[in-house]
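Novice: Below is the sequence, then the predicted model.
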Amino acid sequence: MPGPKTQPKPRDKAAPEAEAAGADAFAAAVGGLVRAARAKRGITRRQLAEQSGASERYLAQIEGGQGNPSVTILKAIADALDLPVVELMPSTTRRSQALGRIHDLLASAPPSELPAIADLIERRTTADRAADRAQRIALIGLRGAGKSTLGTMLAQRLGVPFIELDRLIEQEYGARISDLVEIAGLATFRRYERGCLERVIAEHEAAVIATAGGIVSSPETYGLLLRRTHTIWIKAQPQEHMRRVMAQGDFRPMAQNREAMSDLLAILDARSADYARAEAALDTSGDAEPESFAKLIAIAKRYSGNAR
């Protein structure tokens with residue numbers, strides 16, 4: 001005798017809505033990571049489109065959280081930005097392999113050993129830091145802050161070489177930075193940047209080094225800079241940056257972009273946390289050149305016995 005019929009469970013109308021909301025949030029998070037990574041590197045959407053093969057319109061949709069990029073497209077975008085594709089995934093799905101391994105090892109360690117492990121990590125990351133940096137001073141920050149001008153003056157005062165990393169890269173590659181990036185891509189430029197920085201560190205115990213503003217977008221290279229130089233963030237208010245760049249007649253990387261100030265603000269927002277990892281910061285806003293230089297000398301005295 002057949003039993004009573006089982007009534008179908010009522011469909012949860014909220015489930016599809018929740019799934020859709022979750023997908024929208026995920027797409028928005030991916031778009032935000034793409035937008036932040038592009039801004040951190042100081043490249044326009046058009047440049048990213050050219051290097052990734054995705055259309056500029058599609059990139060705008062992705063960055064706005066409206067696109068649904070395939071894994072292939074996301075990989076092409078990541079390659080163009082010179083970062084692992086996992087870095088374009090929201091933090092809930094992203095896990096560094098090395099950090100994950102460390103986490104697993106710590107989880108299996110006896111609690112009594114954790115203080116000793118913490119001491120070991122601290123010693124490893126801070127040991128001989130001052131000796132490693134010697135008397136090398138590196139200036140970081142956006143264009144228009146005064147790195148080249150103040151760097152030249154500081155090097156002359158200290159009696160050490162002034163080295164602009166971009167000029168060294170151009171000498172090494174045999175062409176302008178813009179041509180290098182256009183022809184060989186951002187990843188190649190970053191490899192040259194790392195190699196030239198390693199060479200400067202190997203050849204100079206004392207020097208003033210001016211870096212490109214986007215050096216912070218390469219964790220390995222920027223980490224090397226922080227470990228092996230006394231790094232100073234030269235900064236200014238956004239309006240001051242823009243005024244100085246315009247006075248130089250240089251709009252890179254914002255050429256033909258009518259929203260130059262918006263782009264500059266986005267770049268600064270994307271990089272500020274990394275710039276703030278420097279040992280010291282010098283705000284040149286509203287200061288005449290002699291005033292900024294006097295402040296820089298005061299900072300440099302901590303790192304060089306030649307400052308006077």
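Specialist: Structure received.
Novice: Quick check: Val85 vs Phe189, distance?
Specialist: From Val85 over to Phe189 the distance is 19 Å, taken as CB to CB, to the nearest Å. Where C-beta positions appear, they are placed from N, C-alpha and C, glycine not excepted.
Novice: out of those two, which sits in the busier spot?
Specialist: Each of Val85 and Phe189 has its neighbours counted (other CB atoms under 10 Å); Phe189 has more, 23 against 15.
Novice: ok, and the more buried one, which helix or strand is that part of?
Specialist: In this assignment (DSSP states H and E), Phe189 forms part of helix 186-203.
Novice: What lies in contact with that helix?
Specialist: With contact meaning CB atoms under 8 Å, 6 or more residues apart in numbering, helix 186-203 is reached by 41, 43, 51, 79-82, 136, 163, 165, 168-169, 172-173, 177, 180-181, 207, 209, 211-212, 215, 218, 220-221, 224-225, 228-229.
Novice: need the next SSE after the longest helix along the chain, C-terminal direction.
Specialist: If you go by DSSP state H, the chain has its longest helix at helix 14-41. Per DSSP H and E, the first helix or strand lying C-terminal to helix 14-41 is helix 45-52.
Novice: From the contact counts, what lies against whatever helix or strand comes next after that next one?
Specialist: Later in the chain than helix 45-52, the nearest helix or strand by DSSP H and E is helix 56-63. Applying 3 or more CB pairs under 8 Å, 6 or more residues apart in numbering; DSSP states H and E, we find helix 56-63 packed against helix 14-41, helix 45-52, helix 71-81.
Novice: Provide a list of residues in contact with the residue nearest to the spatial centre of the chain.
Specialist: With distances taken as CA atoms, centre = their mean, the residue of the chain nearest its centroid is Ser217 (2.3 Å). The neighbourhood of Ser217, defined by CB under 8 Å, 6+ apart, consists of 37, 40-41, 82, 271, 274.
Novice: if we can go back for a sec, generate a PyMOL selection restricted to the buried entries among the contacts of helix 186-203.
Specialist: Command for PyMOL, covering only those of those found buried under the criterion 16 or more other CB atoms under 10 Å:
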select buried, resi 41+43+51+79+80+81+82+136+163+165+168+169+173+177+180+181+207+209+211+212+215+218+221+224+225+228+229
